[in-house]
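Undergrad: turn this into a model:
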Amino acid sequence: MYNPREVTVPEFRDGEFDDKPPHFRMTQEIDPDFSAYTKDKGGNWLHGAQSHLRSKEEKAKNIAAMYGMVTMMDSYIGRILDHLDDLGLTRDTLVVFTSDHGDFYGQHGLVAKALHHYEDLIRVPAVVSLPGEIPEGAVCRNIQSTVDLAPTFLSFAGLPIPGRMSGIDVSGSWKGEVSNMRKHAIVENHHNPTSFHAETMVTEKYKITVYRMAEYGELFDLESDPNEYVNLWDNPEFLAVKQKLLLEFVQAKMETEQIPMPRIAGA
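TA: So this is what the prediction gives:
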(Lines give C-alpha, C1' and ligand atoms only; values in the text may rest on other atoms or scores of the structure.)
Protein backbone atom coordinates (compact mmCIF):
# COMPACT_ATOMS: atom_id res chain seq x y z
CA MET A 1 0.00 0.00 0.00
CA TYR A 2 2.88 2.36 0.84
CA ASN A 3 6.24 2.37 -0.90
CA PRO A 4 9.19 2.01 1.54
CA ARG A 5 11.33 4.05 -0.84
CA GLU A 6 9.04 7.06 -0.36
CA VAL A 7 8.89 7.22 3.46
CA THR A 8 11.06 9.39 5.70
CA VAL A 9 13.32 7.33 7.97
CA PRO A 10 14.50 8.90 11.26
CA GLU A 11 18.24 8.79 11.85
CA PHE A 12 20.41 8.43 14.94
CA ARG A 13 22.43 11.54 15.72
CA ASP A 14 26.09 10.84 16.47
CA GLY A 15 26.95 11.49 20.11
CA GLU A 16 23.39 11.86 21.37
CA PHE A 17 23.82 8.96 23.81
CA ASP A 18 27.09 10.27 25.29
CA ASP A 19 25.26 11.87 28.24
CA LYS A 20 22.65 9.12 28.66
CA PRO A 21 22.52 6.05 30.97
CA PRO A 22 24.42 2.91 29.82
CA HIS A 23 21.44 1.06 28.33
CA PHE A 24 21.06 3.82 25.72
CA ARG A 25 24.53 3.33 24.25
CA MET A 26 24.23 -0.46 24.42
CA THR A 27 21.39 -0.40 21.89
CA GLN A 28 23.87 0.79 19.26
CA GLU A 29 26.23 -2.17 19.76
CA ILE A 30 26.18 -5.25 17.55
CA ASP A 31 25.97 -7.76 20.40
CA PRO A 32 25.35 -5.88 23.67
CA ASP A 33 25.46 -7.59 27.06
CA PHE A 34 22.20 -6.74 28.82
CA SER A 35 22.62 -9.52 31.41
CA ALA A 36 22.73 -6.97 34.25
CA TYR A 37 19.22 -5.87 33.26
CA THR A 38 17.77 -9.34 32.62
CA LYS A 39 19.25 -11.44 35.44
CA ASP A 40 15.85 -12.31 36.93
CA LYS A 41 15.69 -16.02 37.79
CA GLY A 42 11.94 -16.13 37.21
CA GLY A 43 12.23 -16.29 33.44
CA ASN A 44 11.16 -12.68 32.91
CA TRP A 45 12.50 -10.89 29.87
CA LEU A 46 12.80 -7.23 29.04
CA HIS A 47 11.48 -5.41 25.97
CA GLY A 48 14.21 -3.65 24.05
CA ALA A 49 17.19 -5.24 25.82
CA GLN A 50 19.06 -6.01 22.62
CA SER A 51 20.82 -4.35 19.71
CA HIS A 52 18.65 -1.84 17.88
CA LEU A 53 20.90 -1.60 14.87
CA ARG A 54 18.82 -1.95 11.70
CA SER A 55 19.46 -1.03 8.11
CA LYS A 56 17.72 2.02 6.68
CA GLU A 57 15.93 -0.31 4.24
CA GLU A 58 14.50 -2.45 7.05
CA LYS A 59 13.32 0.58 8.98
CA ALA A 60 11.69 2.02 5.85
CA LYS A 61 9.87 -1.27 5.25
CA ASN A 62 8.57 -1.27 8.83
CA ILE A 63 7.38 2.33 8.55
CA ALA A 64 5.54 1.59 5.30
CA ALA A 65 3.90 -1.44 6.93
CA MET A 66 2.87 0.68 9.92
CA TYR A 67 1.29 3.27 7.60
CA GLY A 68 -0.68 0.45 6.00
CA MET A 69 -1.92 -0.83 9.36
CA VAL A 70 -3.01 2.66 10.39
CA THR A 71 -4.92 3.03 7.12
CA MET A 72 -6.65 -0.31 7.73
CA MET A 73 -7.60 0.72 11.28
CA ASP A 74 -8.92 4.04 10.01
CA SER A 75 -11.15 2.22 7.54
CA TYR A 76 -12.59 -0.24 10.06
CA ILE A 77 -13.06 2.36 12.79
CA GLY A 78 -14.96 4.40 10.19
CA ARG A 79 -17.28 1.43 9.63
CA ILE A 80 -17.98 1.24 13.37
CA LEU A 81 -18.79 4.95 13.50
CA ASP A 82 -21.02 4.63 10.44
CA HIS A 83 -22.90 1.81 12.18
CA LEU A 84 -23.47 4.03 15.22
CA ASP A 85 -25.00 6.57 12.83
CA ASP A 86 -27.23 3.88 11.30
CA LEU A 87 -28.43 2.83 14.76
CA GLY A 88 -29.04 6.40 15.85
CA LEU A 89 -26.60 6.04 18.75
CA THR A 90 -23.92 8.57 17.80
CA ARG A 91 -25.19 11.35 20.07
CA ASP A 92 -25.39 8.96 23.03
CA THR A 93 -22.02 7.23 22.62
CA LEU A 94 -18.68 8.36 24.03
CA VAL A 95 -16.01 7.35 21.52
CA VAL A 96 -12.35 7.36 22.54
CA PHE A 97 -9.43 6.41 20.32
CA THR A 98 -6.06 6.05 22.05
CA SER A 99 -3.19 3.61 22.59
CA ASP A 100 -1.08 2.15 25.40
CA HIS A 101 2.26 3.21 23.90
CA GLY A 102 3.99 4.36 20.75
CA ASP A 103 6.77 2.65 18.82
CA PHE A 104 10.20 3.63 17.59
CA TYR A 105 10.97 3.40 13.88
CA GLY A 106 14.52 4.69 13.99
CA GLN A 107 14.05 7.75 16.21
CA HIS A 108 17.15 8.02 18.41
CA GLY A 109 18.41 4.86 16.71
CA LEU A 110 15.72 2.76 18.42
CA VAL A 111 13.12 0.27 17.21
CA ALA A 112 9.89 -1.16 18.65
CA LYS A 113 9.09 -0.36 22.31
CA ALA A 114 12.61 -0.28 23.75
CA LEU A 115 13.46 0.77 27.33
CA HIS A 116 13.47 4.49 26.76
CA HIS A 117 10.84 7.03 27.80
CA TYR A 118 11.20 9.34 24.85
CA GLU A 119 8.09 11.24 23.76
CA ASP A 120 7.94 9.01 20.65
CA LEU A 121 7.02 6.13 22.96
CA ILE A 122 4.98 7.59 25.80
CA ARG A 123 3.06 10.47 24.18
CA VAL A 124 0.09 8.67 22.63
CA PRO A 125 -2.90 9.96 20.64
CA ALA A 126 -6.25 10.55 22.28
CA VAL A 127 -9.23 11.47 20.12
CA VAL A 128 -12.59 11.71 21.88
CA SER A 129 -16.11 12.41 20.69
CA LEU A 130 -19.51 12.89 22.30
CA PRO A 131 -21.75 15.27 20.32
CA GLY A 132 -23.36 17.93 22.46
CA GLU A 133 -20.87 17.55 25.33
CA ILE A 134 -17.37 17.52 23.81
CA PRO A 135 -16.67 20.47 21.46
CA GLU A 136 -16.09 19.33 17.90
CA GLY A 137 -12.62 20.01 16.50
CA ALA A 138 -11.23 21.36 19.78
CA VAL A 139 -7.64 20.61 20.80
CA CYS A 140 -6.86 20.00 24.47
CA ARG A 141 -3.18 20.32 25.36
CA ASN A 142 -3.57 19.51 29.05
CA ILE A 143 -1.46 16.71 30.52
CA GLN A 144 -3.49 13.51 30.82
CA SER A 145 -2.76 9.85 31.53
CA THR A 146 -4.26 6.57 30.37
CA VAL A 147 -5.08 5.81 34.03
CA ASP A 148 -7.56 8.70 33.78
CA LEU A 149 -9.69 6.90 31.21
CA ALA A 150 -11.60 4.61 33.57
CA PRO A 151 -12.66 7.30 36.08
CA THR A 152 -13.55 9.63 33.20
CA PHE A 153 -15.75 6.96 31.59
CA LEU A 154 -17.53 6.46 34.92
CA SER A 155 -18.07 10.20 35.23
CA PHE A 156 -19.68 10.44 31.78
CA ALA A 157 -21.88 7.47 32.70
CA GLY A 158 -22.96 9.18 35.93
CA LEU A 159 -21.47 6.41 38.08
CA PRO A 160 -19.40 6.79 41.26
CA ILE A 161 -15.61 6.63 40.97
CA PRO A 162 -14.00 4.17 43.42
CA GLY A 163 -11.38 5.73 45.68
CA ARG A 164 -8.97 2.92 44.85
CA MET A 165 -8.53 4.24 41.31
CA SER A 166 -5.24 6.09 40.79
CA GLY A 167 -6.46 8.16 37.84
CA ILE A 168 -8.62 11.29 37.94
CA ASP A 169 -11.77 12.38 36.16
CA VAL A 170 -10.66 14.62 33.26
CA SER A 171 -14.10 15.02 31.70
CA GLY A 172 -13.88 18.74 32.47
CA SER A 173 -10.88 19.03 30.14
CA TRP A 174 -12.62 17.07 27.41
CA LYS A 175 -15.65 19.35 27.65
CA GLY A 176 -13.46 22.46 27.58
CA GLU A 177 -14.67 23.54 31.02
CA VAL A 178 -11.46 23.11 33.03
CA SER A 179 -7.78 23.50 32.19
CA ASN A 180 -4.66 22.12 33.85
CA MET A 181 -6.37 19.32 35.75
CA ARG A 182 -2.99 17.62 35.99
CA LYS A 183 0.40 19.16 36.73
CA HIS A 184 2.18 15.97 35.76
CA ALA A 185 1.86 12.42 34.46
CA ILE A 186 3.81 9.40 35.66
CA VAL A 187 5.09 6.68 33.33
CA GLU A 188 6.80 3.51 34.49
CA ASN A 189 8.61 0.57 32.95
CA HIS A 190 8.49 -2.29 35.43
CA HIS A 191 8.16 -5.10 32.91
CA ASN A 192 10.98 -7.06 34.52
CA PRO A 193 10.04 -7.08 38.22
CA THR A 194 13.51 -7.28 39.77
CA SER A 195 16.32 -5.97 37.61
CA PHE A 196 14.96 -3.02 35.60
CA HIS A 197 12.60 -0.40 36.95
CA ALA A 198 12.31 3.08 35.44
CA GLU A 199 9.87 5.79 36.50
CA THR A 200 9.31 9.07 34.70
CA MET A 201 7.42 12.22 35.60
CA VAL A 202 6.39 14.56 32.78
CA THR A 203 5.38 18.16 33.40
CA GLU A 204 4.57 20.88 30.89
CA LYS A 205 8.22 21.93 30.77
CA TYR A 206 10.35 19.07 32.12
CA LYS A 207 10.70 15.32 32.03
CA ILE A 208 12.67 13.47 34.71
CA THR A 209 13.44 9.74 34.83
CA VAL A 210 14.70 7.80 37.85
CA TYR A 211 16.06 4.25 37.80
CA ARG A 212 15.87 1.84 40.70
CA MET A 213 19.24 1.30 42.43
CA ALA A 214 21.02 3.73 40.08
CA GLU A 215 22.56 7.17 40.51
CA TYR A 216 22.15 8.09 36.84
CA GLY A 217 18.94 9.40 35.35
CA GLU A 218 17.50 11.74 32.76
CA LEU A 219 16.30 15.31 32.85
CA PHE A 220 15.06 17.04 29.72
CA ASP A 221 13.77 20.55 29.13
CA LEU A 222 10.93 19.77 26.72
CA GLU A 223 10.46 23.42 25.80
CA SER A 224 14.01 24.21 24.69
CA ASP A 225 14.93 20.64 23.70
CA PRO A 226 11.76 18.96 22.35
CA ASN A 227 13.80 16.22 20.64
CA GLU A 228 15.35 15.27 23.99
CA TYR A 229 18.95 15.35 22.83
CA VAL A 230 20.53 17.01 25.91
CA ASN A 231 20.39 15.21 29.27
CA LEU A 232 20.57 17.78 32.08
CA TRP A 233 20.75 15.24 34.93
CA ASP A 234 24.42 15.94 35.72
CA ASN A 235 24.42 19.59 34.66
CA PRO A 236 25.32 21.62 37.80
CA GLU A 237 23.35 24.60 36.51
CA PHE A 238 20.18 22.50 36.77
CA LEU A 239 20.84 21.03 40.23
CA ALA A 240 18.14 23.15 41.88
CA VAL A 241 15.69 22.24 39.12
CA LYS A 242 16.46 18.54 39.59
CA GLN A 243 16.00 18.75 43.34
CA LYS A 244 12.68 20.53 42.96
CA LEU A 245 11.46 17.99 40.39
CA LEU A 246 12.52 15.02 42.54
CA LEU A 247 10.50 16.38 45.47
CA GLU A 248 7.54 16.94 43.17
CA PHE A 249 8.04 13.39 41.87
CA VAL A 250 7.78 11.93 45.39
CA GLN A 251 4.64 13.96 46.03
CA ALA A 252 3.18 12.80 42.71
CA LYS A 253 3.82 9.15 43.62
CA MET A 254 2.09 9.68 46.97
CA GLU A 255 -0.93 11.09 45.17
CA THR A 256 -1.36 7.81 43.28
CA GLU A 257 -1.89 5.84 46.49
CA GLN A 258 -5.37 4.43 46.92
CA ILE A 259 -7.65 6.68 48.95
CA PRO A 260 -9.08 5.38 51.15
CA MET A 261 -6.54 2.67 51.82
CA PRO A 262 -8.40 -0.66 52.11
CA ARG A 263 -8.20 -2.34 55.54
CA ILE A 264 -7.18 -5.97 55.26
CA ALA A 265 -7.73 -6.93 58.90
CA GLY A 266 -8.91 -5.29 62.07
CA ALA A 267 -6.39 -3.90 64.56
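
Undergrad: gap between the residue nearest the centre of the chain and Gly163?
TA: Within the chain, one residue has its C-alpha closest to the average C-alpha position: by C-alpha atoms, centre = their mean, that is Ile122, at 1.9 Å. Distance of Ile122 to Gly163, given as C-beta to C-beta, to the nearest Å: 27 Å. For the C-beta atoms, the positions are set from N, CA and C on the backbone; glycine is no exception.

Undergrad: again with Gln50
TA: 41 Å.

Undergrad: neighbours around Arg263, how many?
TA: 7 (other C-beta atoms under 10 Å).

Undergrad: please apply the same query to Leu89.
TA: Count around Leu89 with other C-beta under 10 Å applied: 10.

Undergrad: next up, the contacts around it.
TA: Contacts of Leu89 were listed using C-beta atoms under 8 Å, 6 or more residues apart in numbering, and none were found.

Undergrad: ok, longest helix in the chain?
TA: Looking only at the chain and at elements set by DSSP state H, the helix with the highest residue count is helix 56-87.

Undergrad: pull out the buried positions in the following helix or strand past that helix.
TA: Elements were assigned by DSSP states H and E; along the chain past helix 56-87, the next helix or strand is strand 95-98. By neighbour count, and taking 16 or more other C-beta atoms under 10 Å as the criterion, strand 95-98 has no buried residues at all.

Undergrad: which other helices and strands contact strand 95-98?
TA: In terms of contacts (3 or more C-beta pairs under 8 Å, 6 or more residues apart in numbering; DSSP states H and E), strand 95-98 is packed against helix 56-87, strand 126-129, helix 149-156.

Undergrad: packing partners of whichever helix or strand comes after that strand?
TA: Where DSSP H and E defines the elements, the next helix or strand beyond strand 95-98 is strand 104-105. Using 3+ C-beta pairs under 8 Å, 6+ apart as the contact criterion, the neighbours of strand 104-105 among helices and strands are helix 56-87, strand 111-112.

Undergrad: fine by me, we can end here.
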